[in-house]
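S.K.: Give the three-dimensional model of this entry:
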Amino acid sequence: MHRPLLFCTVLILVAGAAWGQSPPAPDQTEQVRILLERVQQLEKRVSELETRQPAAAAPVLTAEGAPAPTVQKPESTDAAAAPGQAHQHEAQVTPAEVHQMETHYPSLQIRGFGELNFSATDQKGTTSPTSGFNLGQLDLHLASALSRKVSYFGEITFNAQPTGYTVEVERNIIRYDYNDYFKLSFGRYHTPIGYWNTAYHHGSWLQTTIARPEMVKFGGTFIPVHFVGFLVEGNIPSGGAGLGYNAGVGNGRGSIISRPGDAGDNNNNRAWVANLYSRPAKLYGLQMGVSVYRDKIKPAPPLASGTDFREWITAAHIVYTKESPEFLAEFANVHHQNVLTNFVTNSQAYYVQVGYRLPWLEKALKPYYRFEHTHMPLSEQVLTNQDLVQSILGVRYDITNYASFKGEYRNTKRFPTDPRVNGVFFQTDFTF
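M.R.: Modelled structure (predicted):
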């Protein structure tokens, strides 16, 4: 220890203490004398401590011969210790403790989502409920690392129905991450067509609005929302363009075209899907992409009397997701060709959604607007007629980082001859 440096440091500290705590000395000479005496006492005490200090202990080595890591551990956890007087010291970590801190496989994590809905409309002449409370979905996400490069993901929903609850395995995936450019997975997915279907999964808290757009709604038939098979995905070396891809082969639609072929393909013909997108590095939050989907489907009667159809789906999207503003737009065309007659139909759907998180109230308020339109020709034989023109005006209020309130006004027209339906919808959703 350097005595001059210690002497100066102690002198400064004692002078400060004397200035703030000691009563004024009779004169300056007496004050200096008192300070010098204190410095001498402290210096003597330091010398005694240095004499008594034992030699440093030799470092503990691990099995590999390297020094064992050290961590700060409390000296005592006795509840009777005086507040503010906890002391810490360095303790050697044994190899057994190091092993406990390593990642263990499998490593299961569970995340949940829930919601409660209320709606009221002026729709008349329908047997289905148009108002009241609805419990919606209880959604569980299951994620587990099986090794450094292999992981599992599952999603299970409990859905409220008039006669009880149904349980659905929404996603069931095992994935091998070779590197950022190639990841291979097998299972049941959300089909990578467009943007919304893979960006926002079950759990309404994840999305700005109460419901998904009609073209990608769960249980809908416009596009195949789920897909059973294998998928490769990853980044494409492209500099600042930020290119990425998805490509897969699977069963495609089942006999009930709103569902995938979970138990097998109903016509022994595989579907395939490809998605290419760009996330420019200099425009963070922007994504542009195109998708294509190909299948041969055999709808169950009474749809098309069990005839086979070739199906082509093409889609494009552009989104900007920085919240202030938020902009989402997608377009999809569904092309069907009757295998027997070669008769062709094309159906289109699109939506445009804008939102803006306001700077007040800690940015908890986010108003939004969405317009969506679906058109199907009367000659369409596979899809039930789903013509739609709808405007949605709403606001989302995040009451915490894990729960929100949403309120919407909707103006909906289903068919050219049907009256417009006005309704208000409210939702509280959360994650846990």
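S.K.: Could you report the separation of the residue nearest the centre of the chain from Phe227?
M.R.: Taking C-alpha atoms, centre = their mean, the centroid of the chain lies closest to Leu206, which sits 6.9 Å from it. From Leu206 across to Phe227, the span is 20 Å (C-beta to C-beta, to the nearest Å). C-betas here are computed from N, CA, C, even on glycine.
S.K.: likewise Lys322?
M.R.: With C-beta to C-beta as the criterion, Lys322 and Phe227 are 29 Å apart.
S.K.: who has more neighbours, those two?
M.R.: For Lys322 and Phe227, the more surrounded residue by other C-beta atoms under 10 Å is Phe227, and the numbers stand at 28 against 12.
S.K.: now the more buried one, what's its secondary structure?
M.R.: The assignment at Phe227 comes out as strand when based on DSSP: H, G, I helix; E, B strand; the rest coil.
S.K.: which one is it nearest to, not counting chain neighbours?
M.R.: Sequence neighbours aside, Thr191 is the residue nearest to Phe227 in space, at 4.1 Å (criterion: C-beta to C-beta, 6 or more residues apart in numbering).
S.K.: Touching, that neighbour and Asn197? I think so.
M.R.: Yes. In this structure, Thr191 is within contact of Asn197 by C-beta atoms under 8 Å, at 6.1 Å.
S.K.: got any residues that touch both of the two?
M.R.: The overlap between the contact sets of Thr191 and Asn197 (C-beta atoms under 8 Å, 6 or more residues apart in numbering) consists of Ile223, Val225.
S.K.: Tell me the buried residues in stretch 363-371?
M.R.: Of the residues in stretch 363-371, those buried by neighbour count under the rule 16 or more other C-beta atoms under 10 Å are Lys366, Tyr368, Arg370, Phe371.
S.K.: Please convert those residues to CSV, extending it with distance to Tyr181.
M.R.: Supplementary listing: those in CSV, determined by distance: C-beta to C-beta, whole Å:
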residue, distance to Tyr181
Lys366, 35
Tyr368, 36
Arg370, 35
Phe371, 38
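S.K.: Nearest to Leu276 among these?
M.R.: The shortest distance between Leu276 and any of the buried residues of stretch 363-371, using C-beta to C-beta, involves Arg370 and amounts to 25.5 Å.
S.K.: Tell me the bridge partners for that closest one.
M.R.: When bridges are called by DSSP bridges, Arg370 pairs up with Gln353, Ile392.
S.K.: do the same with Asp295
M.R.: With DSSP bridges applied, Asp295 shows beta-bridge pairing to Glu311.
S.K.: what residue ranges in this protein score low on pLDDT?
M.R.: Across the chain, the stretches falling below the confidence threshold (pLDDT under 70) are 1-37, 47-48, 50-102, 125-130, 302-306.
S.K.: Mind doing that once more with 80?
M.R.: Within the chain, the segments meeting pLDDT under 80 span 1-103, 124-130, 300-306, 384-386, 416-417.
S.K.: Can you show me the strands along the stretch 301-432 of the chain?
M.R.: Applying DSSP state E, counting those that start in this stretch to the stretch 301-432 of the chain gives strands spanning 309-321, 326-338, 344-355, 365-375, 388-400, 403-413, 421-431.
S.K.: Now do the SS call for Glu43.
M.R.: Using three-state DSSP, the three-state assignment for Glu43 comes out as helix.
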